[in-house]
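K.L.:
Fold the following.
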Amino acid sequence: LSFIIYSNNCKMPLIDGFKIPRAVTLLSKLGADALQPKMVNGRYHGPLVSKRIAADLRKRAIIEGTFGTFSTVFGGWKPEWDEPNKIALIKPQKGHLRERTREARAAKITKAMQAMPDRVAKFRQEINDKKPKKDLIYLFKHPKRS
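P.N.:
Sure, this is the predicted structure:
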């Protein structure tokens, strides 16, 4: 449980040594605007109450049962100060590269296979052309061995 210590030099109570008094003051004056960052003259100004302190205040309000109400002395938390949850867009998974390019590879292979009989015939012709001709000189140099 938290306890409140009143200090002589400020009007707001200290709650467990956190920076909650300033946050409570800002939330009582500005409300949800204290939680939002702003652009002033083209420069970024962060929120007056940080998300960490706001989370501490919210959690404390839930524990103490003051969630939904707000008091400048005891704090609390209003539900409209909560940030709306972002709606997650579900994108299909990217998958592997081989799966994404499968149709293109199949088309390439099919196109190459259409020209394959001509290429095989050309290759066999080149092999036969490289062989020495079996003329009379060849037969004298390489007699059949029996």
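
K.L.:
What segments of this structure are strands?
P.N.:
Assigned by DSSP state E, the strands in the chain fall at 4-5, 14-15, 38-40, 43-45, 70-71, 75-76.

K.L.:
now the last one: mean pLDDT?
P.N.:
To tie it back to what came earlier, the one meant is strand 75-76. In this model, strand 75-76 has an average pLDDT of 78.

K.L.:
Listing partners with orientation, what would you give for that strand?
P.N.:
Strand pairing for strand 75-76, determined by DSSP bridges: strand 70-71 (antiparallel).

K.L.:
Please identify the deepest-packed of the strands of the chain.
P.N.:
Of all the strands of the chain, strand 75-76 has the most neighbours on average by mean count of other C-beta atoms under 10 Å, namely a mean of 23. For the C-beta atoms, the positions are set from N, CA and C on the backbone; glycine is no exception.

K.L.:
still on that earlier bit, make a markdown table from the strands of the chain and add distance to Lys51 to it.
P.N.:
Putting those into a markdown table (distance: least, C-beta to C-beta, whole Å) gives the following:
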| stretch | distance to Lys51 |
| --- | --- |
| strand 4-5 | 24 |
| strand 14-15 | 18 |
| strand 38-40 | 15 |
| strand 43-45 | 15 |
| strand 70-71 | 18 |
| strand 75-76 | 17 |
